[in-house]
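In: Need a 3D model of the following:
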Amino acid sequence: MPPLPETHPATPPAELDAHRARKDATKPEPPSENAEPEPEPEEEVDPWDLPELRDTGVKWSDLDTKGKVLRVLKSIVKFILLLGLLFVFVCSLDILSSAFQLVGGKVAGDIFQDNAVLSNPVAGLVIGVLVTVLVQSSSTSSSIVVSMVSSGLLEVKSAVPIIMGANIGTSVTNTIVAVMQAGDRNEFRRAFAGATVHDFFNWLSVLVLLPLEVASGFLYRLTKLVIDSFNIQTGADAPDLLKVITEPLTKNIIELDTSVIRDIATGDPAARNKSLIKIWCKTQKVTNLVNITVPGFANCTPDVLCWEEDGQIWTQENQTETINLNKCTHMFVYADLPDLAVGLILLALSLLALCTCLILIVKLLNSMLKGQVAVVIKKVLNTDFPFPFAWVTGYLAMLVGAGMTFIVQSSSVFTSAITPLVGIGVISLERAYPLTLGSNIGTTTTALLAALASPGETLANSLQISLCHFFFNISGILLWYPIPFTRIPIRLAKALGNRTAKYRWFAALYLILCFLLFPLSVLGLSIAGWQVLVGVGVPVLVFAIFVIIVNIMQKRCPRFLPSFLRSWDFLPKPLHSFKPWDKVVTAGMTFCRTRCCCCCKEKEKDEEKDEIKTKDKSLEMYDNPALTIEDEAKVTATHL
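Out: Alright, predicted model coming up:
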């Protein structure tokens with residue numbers, strides 16, 4: 001007699017189902033033939049690791065003779081094209097500087113003219129930042145300061161903070177270049193960090209050295225001691241190697257008379273009505289002895305004939321007359337346009353050329369730096385010397401940066417040129433940092449040579465200002481480089497790079513705040529008086545220090561903080577998170593693009609992604625072996 005099937009009437013169906021589910025969960029399921037293998041967990045990729053540049057083409061050994069010749073020819077053409085793009089890139093930076101001088105050069109001269117404000121070291125600092133941003137050239141702003149010191153309008157002590165500000169303002173150019181690499185998120189992250197590491201170095205150096213200079217005057221005393229110790233003679237003009245290459249193109253676009261800005265700064269009223277656009281490129285000064293009338297014999301020119309004729313007293317005086325010989329040949333020599341209009345035209349054209357060249361340079365570098373070439377270049381640029389000489393590598397990179405900046409005569413050009421290389425991953429941020437510090441030193445050596453070319457009566461003051469600039473950068477390097485723990489600018493630049501990669505609109509906000517709104521606010525408070533500056537600035541500074549300390553303690557040792565300060569969640573979300581602001585900015589940009597086809601395409605792509613996700617979820621339900629055909633309709637209906 002067959003055994004009867006076991007029944008469990010006392011066990012309710014719900015408990016039975018639960019028991020079966022637990023049993024099924026503990027028992028491993030046999031792999032089905034059609035089941036896909038489970039994907040292995042992806043390793044977290046560090047966005048700061050240099051990307052691997054792989055050779056996607058055919059290997060050299062697999063090519064025939066014709067293929068090898070074609071590859072060599074393509075490489076030569078790409079290299080020549082790269083040199084041409086670099087040439088146009090540098091020229092567009094020069095035109096960009098000229099455009100900024102046309103737009104804001106006279107304003108910069110007016111800012112320098114207020115000597116009462118310049119006596120305030122904080123105001124002098126932000127004036128140096130603003131003027132350098134306006135003229136896009138630390139050399140121009142430094143030459144204005146040297147002219148004012150030489151003419152006695154400004155003391156050397158008052159000029160030191162302005163030179164510090166010029167050091168900060170010159171880093172705005174490579175930050176603008178980094179913004180133009182916002183297309184790829186990781187490239188933008190690295191490029192923006194590579195550019196702003198220069199900003200953080202300058203700002204941190206100023207935060208330490210400016211109060212020290214105000215309290216002790218150590219830069220002024222040190223440079224005074226150097227000048228008094230050496231019998232320095234007038235030297236030769238600074239080499240102008242880069243302009244020899246770029247002038248054939250740039251002088252046919254625009255030529256400026258930068259002496260107009262210096263004349264405005266030194267108080268010449270006639271300079272206000274002059275145009276910065278140079279009309280006559282070849283002139284000759286002729287000095288003649290002419291007859292003039294004077295009120296009395298006491299006003300006669302010494303050691304010169306003086307006589308009375310027809311009731312008037314006459315004397316002779318040397319007068320210099322400028323004779324215009326040849327007109328310039330640039331595009332705007334016959335254009336009857338104001339400086340502002342020409343400046344805006346050149347600003348738009350130079351930014352367009354700069355952006356186009358940068359995109360093409362990045363694409364060319366990406367196509368050229370592949371395979372063995374990429375391995376060699378990355379090893380040469382980023383590999384340290386073997387132990388125990390690894391520390392020498394950074395200082396050698398500083399020498400390279402200083403030498404290259406000395407050759408091209410512009411720290412802006414050098415740092416702007418390495419910014420795309422940091423973005424595409426050829427140069428690491430840790431290697432770009434000493435290159436940038438060396439560039440800071442290189443631009444000061446150029447200023448030193450220019451100061452040596454000054455006349456004898458103004459040589460000491462000019463040289464002292466240049467030495468202040470040099471020792472300021474040397475002191476900054478001693479503060480923020482020799483000990484690895486003190487390389488704070490790298491960590492700050494990485495944090496800012498991560499922030500701007502997530503919220504790309506923050507890069508524009510950073511530029512406006514750091515180089516425009518903050519200096520203007522401090523300048524306005526300084527004009528109102530030092531009492532107002534201290535009354536507003538000290539509470540803001542104390543609050544900023546408090547926030548920084550709390551942020552550090554929240555990450556490192558939150559147990560020492562009160563419970564409500566262990567996070568910023570007690571504040572409204574817009575005060576401690578960028579997400580609400582990101583929604584506002586994204587909504588505004590979407591509204592601006594509603595009339596464009598791009599927005600429609602993006603919406604269609606998003607809808608397609610949502611449909612694919614929905615299909616994937618339904619497929620997951622069908623693959624579940626626990627479901628029977630009878631239950632499919634019920635579960636699907638419940639899910640929907």
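In: tell me the contacts of Val333?
Out: Val333 sits next to 277, 279, 327 when contact means C-beta atoms under 8 Å, 6 or more residues apart in numbering. Where C-beta positions appear, they are placed from N, C-alpha and C, glycine not excepted.
In: do that again at 10 Å, thanks
Out: Taking C-beta atoms under 10 Å, 6 or more residues apart in numbering, we find Val333 in contact with 254-255, 277-281, 327.
In: contacting residues around Val214?
Out: 121-122, 157, 160-161.
In: now Glu308
Out: Taking C-beta under 10 Å, 6+ apart, one finds 297, 314 in contact with Glu308.
In: secondary structure class for it?
Out: Secondary structure, DSSP: H, G, I helix; E, B strand; the rest coil: Glu308 is strand.
In: Ok, Met331 next?
Out: coil.
In: Tell me the pLDDT of it.
Out: pLDDT, Met331: 85.
In: now do the one 5 residues further on
Out: The pLDDT attached to Asp336 in the predicted structure is 81.
In: May I have the phi/psi pair for it?
Out: Asp336 adopts backbone torsions of phi -90, psi 70, taken as degrees, to the nearest 10.
In: Tell me how far it lies from Ile279.
Out: For Asp336, the distance to Ile279 equals 11 Å [C-beta to C-beta, to the nearest Å].
In: Looking at these two, which has the bigger crowd around it?
Out: Set side by side, Asp336 and Ile279 show more neighbours around Ile279, with 14 against 6, by other C-beta atoms under 10 Å.
In: quick one: that one from Tyr334, how far?
Out: Taking C-beta to C-beta, one finds Ile279 at 9 Å from Tyr334.
In: Show me whatever sits in contact with both of the two.
Out: With C-beta under 10 Å, 6+ apart as the test, Ile279 and Tyr334 both reach 327-328.
In: Skip the chain neighbours and tell me the closest residue to Arg185.
Out: The shortest distance from Arg185 to any non-neighbouring residue, by C-beta to C-beta, 6 or more residues apart in numbering, is to Ala501 (5.1 Å).
In: now whichever strand or helix holds that neighbour: mean pLDDT?
Out: In the assignment (DSSP states H and E), Ala501 maps to helix 488-502. Per-residue pLDDT over helix 488-502 has a mean of 90.
In: Most widely separated two among the contacts of Val214?
Out: Within the contacts of Val214, Val122 and Lys157 form the most distant pair, 14.1 Å apart (C-beta to C-beta).
In: Start and end of stretch 388-396, how far apart?
Out: Stretch 388-396 stretches 15 Å from its first residue to its last (C-alpha to C-alpha, to the nearest Å).
In: Now do it: distance to the chain's middle.
Out: Its chain's C-alpha centre and that of stretch 388-396 lie 26 Å apart, by C-alpha atoms, centre = their mean, to the nearest Å.
In: Buried ones in that stretch, by neighbour count?
Out: 393-394 (16 or more other C-beta atoms under 10 Å).
In: just stretch 484-496 next, same as before
Out: Counting neighbours by 16+ other C-beta under 10 Å, stretch 484-496 gives 487, 489-490, 492-494, 496 as buried.
In: Just the buried positions in stretch 557-577, please.
Out: For stretch 557-577, by 16+ other C-beta under 10 Å, it's Trp568.
In: average model confidence for it?
Out: For stretch 557-577, the mean confidence score works out to 86.
In: Next, the distance between the ends of it.
Out: 22 Å.
In: which residues are in contact with it?
Out: 547, 549-551, 553-554, 579-581, 584.
In: repeat that for 8 Å
Out: For stretch 557-577, the external contacting residues (C-beta under 8 Å, 6+ apart) are 550, 553-554, 579-581.
In: Can you add distance to Gly401, neighbour count and secondary structure and give those back as CSV?
Out: Formatted as CSV, the contacts of stretch 557-577 follow (distance: C-beta to C-beta, whole Å; neighbours: other C-beta atoms under 10 Å; DSSP: H, G, I helix; E, B strand; the rest coil):
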residue, distance to Gly401, neighbour count, secondary structure
Val550, 37, 14, helix
Met553, 37, 15, helix
Gln554, 37, 14, helix
Lys579, 39, 10, helix
Pro580, 41, 12, helix
Trp581, 37, 15, helix
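In: Could you pull out the strands in the stretch 101-250 of the chain for me?
Out: For the stretch 101-250 of the chain, no strands are identified by DSSP state E, counting those that start in this stretch.
In: got it, and the stretch 251-400 of the chain?
Out: 280-294, 306-309, 312-327.
In: ditto for the stretch 451-600 of the chain
Out: Using DSSP E, counting those that start in this stretch, no strands are found in the stretch 451-600 of the chain.
In: What residues sit buried inside stretch 520-538?
Out: 522-523, 525-526, 533, 537.
In: want to throw the residues you listed into CSV with pLDDT and distance to Ser563?
Out: Formatted as CSV, those follow (pLDDT from 0 to 100; distance: C-beta to C-beta, whole Å):
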residue, pLDDT, distance to Ser563
Val522, 86, 37
Leu523, 83, 42
Leu525, 86, 37
Ser526, 81, 41
Leu533, 83, 37
Gly537, 85, 32
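In: which stretches of the stretch 351-500 of the chain have low pLDDT?
Out: Scanning the stretch 351-500 of the chain for pLDDT under 70 picks out 369-380, 382, 385, 446-447, 450, 453-458.
In: which residues in it form helices?
Out: 371-382, 392-408, 411-424, 429-452, 459-480, 488-502 (DSSP state H, counting those that start in this stretch).
In: ok, now the stretch 201-350 of the chain?
Out: 218-229, 241-250, 259-265, 339-368.
In: for these, which one sits closest to Val107?
Out: So among the helices of the stretch 201-350 of the chain, helix 259-265 is nearest, using C-beta to C-beta, at 9.4 Å.
In: related to what we said a few turns ago, turn the strands of the stretch 251-400 of the chain into a markdown table, including mean pLDDT.
Out: As requested, these are exported to a markdown table (pLDDT from 0 to 100):
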| stretch | mean pLDDT |
| --- | --- |
| strand 280-294 | 77 |
| strand 306-309 | 80 |
| strand 312-327 | 77 |
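In: Of all the ones you listed, which one is nearest Thr444?
Out: Closest among the strands of the stretch 251-400 of the chain, using C-beta to C-beta: strand 280-294, at 30.5 Å.
In: Show me what that closest one is packed up against.
Out: Counting contacts by 3 or more C-beta pairs under 8 Å, 6 or more residues apart in numbering; DSSP states H and E, strand 280-294 packs against strand 312-327.
In: Give me the below-cutoff pLDDT ranges for the stretch 1-150 of the chain.
Out: For the stretch 1-150 of the chain, the ranges with pLDDT under 70 are 1-46, 50-58, 60, 113-117, 139, 147, 150.
In: what angle separates the helix holding Ala501 from helix 411-424?
Out: Counting by axes from the mean of the first three to the mean of the last three C-alpha atoms, to 10 degrees, helix 488-502 points 60 degrees away from the direction of helix 411-424.
In: I'd like to know which elements helix 488-502 is packed against.
Out: helix 185-216, helix 429-452, helix 505-512.
In: Just the CA trace of that helix, in CSV.
Out: Presented in CSV, the C-alpha positions along helix 488-502 are these (Å, rounded to 0.1, in the frame of the first residue of the first chain):
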residue,chain,number,x,y,z
ILE,A,488,48.4,72.9,1.0
PRO,A,489,47.7,74.5,-2.4
ILE,A,490,47.6,71.1,-4.0
ARG,A,491,44.9,69.8,-1.6
LEU,A,492,42.9,73.0,-2.0
ALA,A,493,43.1,72.9,-5.8
LYS,A,494,42.0,69.2,-5.8
ALA,A,495,39.0,70.1,-3.6
LEU,A,496,38.1,73.0,-5.9
GLY,A,497,38.5,70.8,-8.9
ASN,A,498,36.1,68.2,-7.5
ARG,A,499,33.6,70.9,-6.8
THR,A,500,33.8,72.5,-10.2
ALA,A,501,33.6,69.0,-11.9
LYS,A,502,30.4,68.4,-10.1
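In: I appreciate the help and will end here.
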